[in-house]
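**Student:** Quick one, fold the following:
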Amino acid sequence: MLLPVRTSGRVDARAAVGRRPDRNGNATVRADRSSQDRLAEAVGLARAIGLDVCVAEIVPLVRPRPATLLGSGKVEEIAQRVSETGAGLVIIDHVVSPIQQRNLEKAWGSKVLDRTGLILEIFGERALTREGRLQVELAHLTYQRGRLVRSWTHLERQRGGFGFLGGPGEAQIETDRRLIQERIDAIKKDLSGVIRTRGLHRASRKKIPVPVAAIVGYTNAGKSSLFNRLTGASVLAIDQVFATLDPTMREISLPSGRRIVLSDTVGFISDLPTNLIAAFRATLEEVIAADLILHVRDVSHAENEAQYHDVVAVLADLGIDADTEAAAILEVWNKADKLTAGTRAEALRALARRNRRAVLLSALTGEGIEILRAALDAELGRHDEVLDLEIPASEGRLLSWLHANTEVLDQKTEGSGAVLARIRIEPAAKGKLAGQLKRAGLPLGGLQERK
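**Tutor:** You can find the predicted model right below:
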């Protein structure tokens, strides 16, 4: 049984889409997501872990109750529905406090799970690698630490101390909390090793150096499909929320010959639990350290704009101000194959109005992929230098190296057989070019930047 909580009127009791506290700690409300869309999303989240949703309804709420969130009449009505359907689990698409959860479980005689708990369950099922499992377990334990107050009486028992002055000892709930904290500390220690390892990998990539482009976006926007299309990889890409959790990285070549590393990351979602963002910090640091972020958007989705703000809010949690024009972000408007002629024309007009460059494409059909590859080249090549070189006829190896490692813009052969080449090269690769010129016995002064 699934209950997305909604209020009547302009005030929304649940955590609004993309909602973040303001400087005074108050939640800001943004009425940009329809109740029906959030209901469909909640049903999708429940079904993502194989739950059979027998009832899904929107519950109006005028004023949240501290004890039960819902009013007494609604609690009784839902209790009747639970009894009639035999539901063993009630999911509330809202943040539910430990006390509210305990009271509702008593009233309904059923397990109660809030939005945070549901997302954690999905992550727990999808984590495949040791790193992913550690991150999910950390988020789970952080979430459960404050939820040990249940209807179970064993938590009230006390353990006696040792010796003559043992006293009453510590309550079982305190023991459980201590054990959870000890496990949290152990996981954090393990994850610190993961962070160090990732830092070493990033440092080694910078020595090469190869730019990194990280793919981000709302869950199910087609990130993994785009990753597979660009890299030829076989990352799991299905119509399912949070299909992939563990980051995948592949090296690809762009039209100019530039080599980059493409990183596929976990999908974002509205009201993504803060403790989950903290737990996946090691993974999401790939986004923070990226030279360019590809923000994939499902342009065919009715709530596309709201999903955009959700992703921007999560990026802000990571310290990335995605709303500024200076941000190194390239928008990818995916699923163009699902657009009608009218909506496609509207999308193209919206593209023309964007201050930031965006590309309309379909990762499924391949439409627009070459345009995206060219846009990647342009975005990552903003600081490239254009150089003129004169290469003797005997240095075919050097010419071959230029074609493999730079973008040759123009090439002419003189009567003497020497080749005049105009190339575009990354500033970081100029040192390698200088090494190639030295090996060929050519003066380094031959590097003339085009003015």
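**Student:** Give me the buried positions along stretch 128-139.
**Tutor:** For stretch 128-139, burial by neighbour count (16 or more other Cβ atoms under 10 Å) applies to E131, G132, R133, L134, Q135, V136, E137, L138, A139. Quick note: C-beta positions are derived from backbone N, CA and C, even for glycine.
**Student:** hang on, the fourth one is in a helix, isn't it?
**Tutor:** Yes: the secondary structure assignment for L134 places it in a helix, going by DSSP: H, G, I helix; E, B strand; the rest coil.
**Student:** Just list the residues touching it, thanks.
**Tutor:** By Cβ atoms under 8 Å, 6 or more residues apart in numbering, the residues touching L134 are I187, D190, L191, V194.
**Student:** Thought R133 was touching the last one, still the case?
**Tutor:** No: taking Cβ atoms under 8 Å as the definition, V194 is not a contact partner of R133, at 11.5 Å.
**Student:** circling back to that earlier point, in helices only, show me the contacts of L134.
**Tutor:** I187, D190, L191, V194 (DSSP state H).
**Student:** Would you write a ChimeraX line that selects the buried entries of these?
**Tutor:** Command for ChimeraX, covering only those of the ones in helices among the contacts of L134 found buried under the criterion 16+ other Cβ under 10 Å:
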select :187,191,194
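**Student:** Of all pairs in the ones in helices among the contacts of L134, which one is the farthest apart?
**Tutor:** Spanning the widest gap among the ones in helices among the contacts of L134 are I187 and V194, at 10.3 Å by Cβ to Cβ.
**Student:** Turn the ones in helices among the contacts of L134 into CSV, including pLDDT and distance to A418.
**Tutor:** Listed next are the ones in helices among the contacts of L134 as CSV, based on pLDDT from 0 to 100; distance: Cβ to Cβ, whole Å:
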residue, pLDDT, distance to A418
I187, 89, 63
D190, 88, 59
L191, 81, 57
V194, 76, 53
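**Student:** what's the closest of the ones in helices among the contacts of L134 to V90?
**Tutor:** Nearest to V90, judged by Cβ to Cβ, of these is I187 at 29.7 Å.
**Student:** if I look at the closest one, how far off is R177?
**Tutor:** 16 Å (Cβ to Cβ, to the nearest Å).
**Student:** For the ones in helices among the contacts of L134, give me TSV that also has distance to V386.
**Tutor:** Below are the ones in helices among the contacts of L134 laid out as TSV (distance: Cβ to Cβ, whole Å):
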residue	distance to V386
I187	50
D190	48
L191	44
V194	41
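**Student:** Export the helix or strand harbouring V261 to PDB, keeping only CA atoms.
**Tutor:** Applying DSSP states H and E as the criterion places V261 in strand 259-264. The C-alpha atoms that make up strand 259-264 are tabulated as PDB, following Å, rounded to 0.1, in the frame of the first residue of the first chain:
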ATOM      1  CA  ARG A 259      41.000  11.300 -25.600                       C
ATOM      2  CA  ILE A 260      38.700  11.800 -22.600                       C
ATOM      3  CA  VAL A 261      37.400   9.600 -19.800                       C
ATOM      4  CA  LEU A 262      33.700   9.300 -19.500                       C
ATOM      5  CA  SER A 263      32.200   8.500 -16.100                       C
ATOM      6  CA  ASP A 264      28.700   7.200 -15.500                       C
END
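**Student:** partners of it in the sheet?
**Tutor:** strand 212-217 (parallel), strand 248-253 (antiparallel) (DSSP bridges).
**Student:** Export these as CSV, with columns for mean pLDDT and mean neighbour count.
**Tutor:** What follows is these, written out as CSV (pLDDT from 0 to 100; neighbours: other Cβ atoms under 10 Å):
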stretch, mean pLDDT, mean neighbour count
strand 212-217, 91, 24
strand 248-253, 86, 15
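**Student:** out of these, which comes closest to A352?
**Tutor:** Of the strands paired with strand 259-264, nearest to A352 by Cβ to Cβ is strand 212-217, at 21.8 Å.
**Student:** Restrict the closest one to CA atoms and write it as PDB.
**Tutor:** Only the C-alpha atoms of strand 212-217 are listed here, as PDB (Å, rounded to 0.1, in the frame of the first residue of the first chain):
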ATOM      1  CA  VAL A 212      37.100  13.600 -17.400                       C
ATOM      2  CA  ALA A 213      33.500  14.200 -18.300                       C
ATOM      3  CA  ALA A 214      31.000  12.900 -15.700                       C
ATOM      4  CA  ILE A 215      27.400  12.000 -16.700                       C
ATOM      5  CA  VAL A 216      24.700  13.100 -14.100                       C
ATOM      6  CA  GLY A 217      21.000  13.400 -14.300                       C
END
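**Student:** what does that strand rub up against?
**Tutor:** Residues from elsewhere that reach strand 212-217 (Cβ under 8 Å, 6+ apart): 202, 205, 223, 226-227, 249, 260-265, 267-268, 286-287, 289-298, 311, 315, 332, 376, 380.
**Student:** you'd agree Q307 is up against Y218?
**Tutor:** Yes: contact criterion Cβ under 8 Å: Q307 and Y218 qualify, at 4.1 Å.
**Student:** Identify the contacts common to the two.
**Tutor:** Shared contacts of Q307 and Y218, defined by Cβ under 8 Å, 6+ apart, comprise R297, D298.
**Student:** can you give me the strands in the stretch 51-200 of the chain?
**Tutor:** Taking DSSP state E, counting those that start in this stretch as the test, the strands found in the stretch 51-200 of the chain are 59-60, 89-92, 111-114, 158-159, 170-171.
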